[in-house]
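K.L.:
Next comes the sequence, and after it the predicted model I'd like to discuss.
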Amino acid sequence: MDVPHAGRRGEAPWKKMSKEELETQYSPSRWVVRLGAEEALRTYSQIGAQATSQARATRRSLLHVPYGDGQGEKLDIYLPDGVSTALPFFVFLHGGYWQSGSKDTSAFMVDPLTAQGVAVVIVAYDIAPVGTLDLMTEQVTQSLVFLQKQYPSNKGIYLCGHSAGAHLAAMMLLANWTKHGVSPNLRGLFLVSGVYDLEPILHTSQNDLLLLTLEDAQRNSPQLRLQTTPKSPSVPALHILVVVGQHDSPEFQRHSREFFQVLCLGGWKATFEELPDMDHFAIIENLSQTHYVLTQVGLHRPPATWQLPFAVNPQVLSEPLNLEER
């Protein structure tokens with residue numbers, strides 16, 4: 001999908017913004033049109049908590065499984081009916097600006113996906129101020145290595161990150177799997193409303209707990225690193241879907257568009273989609289609904305043709321999704 005003006009170079013728009021403008025641009029709840037900012041955050045937490053409670057009560061699960069030695073290095077695994085371990089695994093990384101959020105309120109998509117034969121994994125990581133971005137990135141890497149070792153016959157690991165979680169998922173494109181002695185069977189990355197260049201965050205209140213320096217921000221910016229030191233795609237079967245909501249802020253939309261362009265220029269198999277009528281939180285909230293477009297778009301296809309955890313086909317998404325037809 002062509003991204004208008006994505007190839008043009010110039011000063012980043014955020015550098016011309018006042019501190020107040022930056023604060024607004026990087027406060028996703030302020031852009032929700034269906035609810036007030038506080039109500040949007042509260043509703044998101046409530047839906048996540050309810051979905052998680054229901055999933056734990058009704059689905060086969062392995063909860064608080066350690067994937068490392070740290071106290072916060074745990075994950076939850078939700079399994080479909082049956083005993084096979086040769087399953088596709090959908091792995092979710094929650095958002096919260098690397099300083100809030102929890103796996104214990106993030107199992108939005110468990111019911112509809114496990115009903116379709118997909119195992120769902122919700123990963124915890126040490127949020128700030130306990131964790132640094134370097135630590136969080138290493139923890140996500142460890143969680144994928146753990147899953148691959150535990151389920152070596154899996155039919156693909158599909159990694160989905162939301163907001164800060166999308167940033168951590170994108171950092172996996174830079175992971176040195178050789179160091180860990182195993183390469184996870186990554187088949188898809190689903191990046192939802194992420195931040196891929198962290199320098200603007202330095203100039204907002206979001207950095208009060210993160211305490212990022214410019215060096216930290218640059219080292220942990222997948223867009224900058226893939227742009228300046230291109231890394232050839234190492235997994236030919238990997239497809240990347242970059243998604244942002246119509247009602248995300250212009251800065252969040254810019255991040256997704258520019259990161260998509262960087263991926264394309266680097267030779268990665270990537271698709272971009274701006275979802276109409278969706279905001280930063282609704283995109284994930286609706287994953288709890290069986291008939292939501294992102295849950296349903298490819299589940300009518302046989303598993304052999306799946307390219308992303310929702311069976312999203314990049315050829316299908318090369319044109320805007322028609323929600324009414326779906």
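P.N.:
That came through fine. These numbers were taken from a predicted model, which means no experiment stands behind them. Numbering: from 1, shown residues only.
K.L.:
just for the stretch 151-300 of the chain, where's the confidence low?
P.N.:
Within the stretch 151-300 of the chain, the segments meeting pLDDT under 70 span 230-232, 234-236, 291-300.
K.L.:
What is the neighbour count of Ala37?
P.N.:
13 (other CB atoms under 10 Å). (C-beta placed from N, C-alpha, C; glycine too.)
K.L.:
And it, how close does it get to Trp31?
P.N.:
9 Å (CB to CB, to the nearest Å).
K.L.:
what helix or strand is the residue nearest to Val244 when sequence neighbours are not counted on?
P.N.:
Leaving aside its sequence neighbours, Val244 sits nearest to Ser256 (CB to CB, 6 or more residues apart in numbering; 3.9 Å). Ser256 belongs to helix 250-265 when assigned by DSSP states H and E.
K.L.:
before we move on, what about Val121?
P.N.:
Going by DSSP H and E, Val121 is part of strand 119-123.
K.L.:
what does Thr271 give?
P.N.:
strand 269-275.
K.L.:
Which residues does the helix or strand following that strand contact?
P.N.:
Where DSSP H and E defines the elements, the next helix or strand beyond strand 269-275 is helix 282-285. For helix 282-285, the surrounding residues in contact (CB atoms under 8 Å, 6 or more residues apart in numbering) are 32, 34, 43-44, 47-48, 95, 108, 162, 192-193, 243, 245, 247, 275, 294.
K.L.:
C-alpha coordinates for stretch 168-180, PDB please?
P.N.:
Extracted C-alpha coordinates of stretch 168-180, given in PDB (Å, rounded to 0.1, in the frame of the first residue of the first chain):
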ATOM      1  CA  LEU A 168       8.900  -3.900  21.800                       C
ATOM      2  CA  ALA A 169       7.600  -6.200  19.100                       C
ATOM      3  CA  ALA A 170       9.300  -4.200  16.400                       C
ATOM      4  CA  MET A 171      12.600  -4.400  18.400                       C
ATOM      5  CA  MET A 172      12.500  -8.200  17.700                       C
ATOM      6  CA  LEU A 173      13.500  -7.400  14.100                       C
ATOM      7  CA  LEU A 174      16.800  -6.500  15.500                       C
ATOM      8  CA  ALA A 175      17.200  -9.400  17.900                       C
ATOM      9  CA  ASN A 176      20.400 -11.600  17.800                       C
ATOM     10  CA  TRP A 177      18.800 -15.000  18.000                       C
ATOM     11  CA  THR A 178      22.100 -16.800  17.500                       C
ATOM     12  CA  LYS A 179      23.100 -15.500  20.900                       C
ATOM     13  CA  HIS A 180      20.200 -17.400  22.400                       C
END
